[in-house]
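**Student:** Give me coordinates for this.
(2 chains)
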Amino acid sequence: MSMFDIGNSPDYTAYLALSVILFMIGTMGFLLRKNTIVMFMCVELMLNAVNLALVAFGRELGHAGGQIFVFFVLVVAAAEVMVGLAILVAIYRRRLRVSADDLSNLSG
Amino acid sequence: MNAELLVFVIFGALAMGMALRMVFQSNPVHAALHLVVVLVSIAVLFLAQEAYFLSVVQIVVYTGAIVVLFLFVIMLLGVDKQDDEAETLESGRFSLLLFGGILVGLVAFLAPIAGYFSLFEERGVEPGTLGKPTKVNAADSVDRYDAVNIAGTVVPIAHLRGADGAPVSVVALSPAEAVRFSAELRFTDKDLVIMNQAGVVQDHLQLLPQGNHSAIDPSDEGDTETVRPDIQVPDYDLDEEVAVSEIRALVHLGNVEVIADSLFTTYLLPFEVVSILLVAGIIGGVVLAKRDRSLHGSAAGRSDEALVTLKEGREAAHADLVTDRDVAVTTIPDADASLRAGAAAGPGGEAAKGYVDV
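**Tutor:** Residues are numbered from 1 along each chain as shown, chains lettered A, B, ... in the order given. Just a heads-up that it's a prediction; the model follows:
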């Protein structure tokens, strides 16, 4: 360890910056992509970015709540993926496509 | 270079790069595999932040379950092939990309700077002074009292600000207890203060991330005052050498205990609610993905909405299937479009049944 002992540990703001960047990449992907499965992956990326921020905050503030909340986010993400992919399978059965451009019924 | 910084730089860059590649990957299977790399990188960053349990859970849940589910659905539906055709960025999407890029630039570079200064201003601490040895003056502001419940022992902790405003945890512990519980104390704050029976600070150890610690001469603490007169602590002789080595040995343990304790005491109700959500999710997933038998029977079993949306090409496909049913079955590649519509048409979908039945 001592051979690395030059410089400081990254501040929590460094983790927050990384979290923001990952979140924005996820948002961008969600907006740009047409494949609904990849859009789901981008949502997962956004949730993970938020998890990273939660852990960084929890560590900085010395509170276990940050890490606890990550568990809840994990569970919500799992439930979301389960239901979302089931919806995709159901949609695919009806139309044989899962591109977001084909799912435009509500646009009138 | 500091070890944590090194890990942060490597895996942060890896996560960012792989996330970008995931977004611009035309093949969904490749995108899922890039997502795995991103998630593992984030797990490593959890590890760097001493969230050991979360790091393992991240790998088990995300890469073990969620990404596998993604891959399963991708391969079940076979969308990897039909997606290859275009997902290119048209001119209309280029503005979106530009918008996203500007947003990334703004948020990534301005928000941390703004947050950095405002957060520290609020605390009255100069940036970068956290973690340095601090003198405990109990007359300074006490933020809050709380307790950690460790293996049935409730250990009271007073969180207060040192003379220079840095956060300090004052705990009522014997040295043996202090060593035993140092992992938790490391988790909650960076300083460990051992008090005597009257609540007067006897020793002040500072735990650094690497497990080194600097002991502050007790004589420096002469100006400290009673923090919690009600705290009962047995007298002790401080054996500093033992404390140092044992704290070093224990300083990286205890994360799971802290999580479990909070989860099953303070956050018990949210935990239960979230478990109900998960059960609802399971049931919803099964119900949604379950094959609808009526789909393949007659048109009567299908929703009007689906019939309306699939109206185009219905007549043609219907006629096609009724007249050339056998031809349509044997020449599946040519009849792809008519089979699709035929499946939608319902009554004529007999031939298309095996094809649509995913």
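
**Student:** contacts, neighbours, all on C-alpha from now
**Tutor:** Noted.

**Student:** Contacts (any at all) between chain A and the helix or strand harbouring B:V57?
**Tutor:** Per DSSP states H and E, B:V57 falls inside helix B:52-58. Yes. Helix B:52-58 comes into contact with chain A (C-alpha under 8 Å from any C-alpha of the partner chain), by way of B:L54.

**Student:** Dump that helix to CSV, keeping only the CA atoms.
**Tutor:** Output in CSV follows, covering the C-alpha atoms of helix B:52-58 (Å, rounded to 0.1, in the frame of the first residue of the first chain):
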residue,chain,number,x,y,z
TYR,B,52,-18.1,-4.6,0.1
PHE,B,53,-21.5,-6.3,0.4
LEU,B,54,-23.1,-4.0,-2.2
SER,B,55,-20.3,-4.8,-4.6
VAL,B,56,-21.0,-8.5,-4.3
VAL,B,57,-24.7,-8.0,-4.5
GLN,B,58,-24.2,-5.8,-7.6
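
**Student:** Flag every buried residue along it.
**Tutor:** Neighbour-count burial for helix B:52-58, counted by 16 or more other C-alpha atoms under 10 Å in any protein chain shown, picks out B:52-56, B:58.

**Student:** Residues contacting that helix, please?
**Tutor:** Outside of helix B:52-58, the residues that reach it under the criterion C-alpha atoms under 8 Å, 6 or more residues apart in numbering or on different chains are A:67, A:70-71, B:39-40, B:42-44, B:46-47, B:255-256.

**Student:** ok, 6 Å please
**Tutor:** In this structure, residues lying in contact with helix B:52-58 by C-alpha atoms under 6 Å, 6 or more residues apart in numbering or on different chains are B:43, B:46-47, B:256.

**Student:** what mean pLDDT does that helix have?
**Tutor:** Taken as a whole, helix B:52-58 carries a mean pLDDT of 90.

**Student:** so where's the chain uncertain?
**Tutor:** Since you didn't name a chain, this refers to chain A. A:1-9, A:62-63, A:108 (pLDDT under 70).

**Student:** Correction: the question concerned chain B.
**Tutor:** Along chain B, segments meeting pLDDT under 70 span B:1, B:79-96, B:103-104, B:106-255, B:292-358.

**Student:** the domain parsing of it - what is it?
**Tutor:** B:1-86, B:89-123, B:142-253, B:293-356 (automatic domain parsing).

**Student:** Which two among the contacts of helix B:52-58 are spaced furthest apart?
**Tutor:** In terms of C-alpha to C-alpha, the contacts of helix B:52-58 reach their longest pairwise distance at B:A43 and B:V256, which sit 15.5 Å apart.

**Student:** neighbour count winner among these two?
**Tutor:** Comparing B:A43 with B:V256 by neighbour count (other C-alpha atoms under 10 Å in any protein chain shown), the higher total belongs to B:A43, at 25 against 13.

**Student:** What is the one helix or strand that one maps to packed up against?
**Tutor:** In this structure, B:A43 sits in helix B:28-48 according to DSSP H and E. Judged by 3 or more C-alpha pairs under 6 Å, 6 or more residues apart in numbering or on different chains; DSSP states H and E, the packing partners of helix B:28-48 are helix B:3-23, helix B:52-58.

**Student:** List the buried residues of it.
**Tutor:** B:28-29, B:31-48.

**Student:** Identify the residues contacting that helix?
**Tutor:** For helix B:28-48, with C-alpha under 6 Å, 6+ apart as the criterion, the contacting residues are B:11, B:15, B:18, B:22, B:25, B:55, B:58, B:63, B:80.

**Student:** Out of those, which two sit at the greatest distance?
**Tutor:** For the contacts of helix B:28-48, with distances taken as C-alpha to C-alpha, the pair at the greatest spread is B:S55 and B:D80 (30.4 Å).

**Student:** got the angle for the top helix by length along chain A vs helix B:28-48?
**Tutor:** Identified as the longest helix of chain A according to DSSP state H is helix A:65-95. With axes from the mean of the first three to the mean of the last three C-alpha atoms, to 10 degrees as the criterion, the two stretches helix A:65-95 and helix B:28-48 enclose an angle of 170 degrees.

**Student:** How about A:V89: what's its closest non-neighbour residue?
**Tutor:** Using C-alpha to C-alpha, 6 or more residues apart in numbering or on different chains and skipping the chain neighbours, the partner closest in space to A:V89 is B:A289 (6.2 Å).
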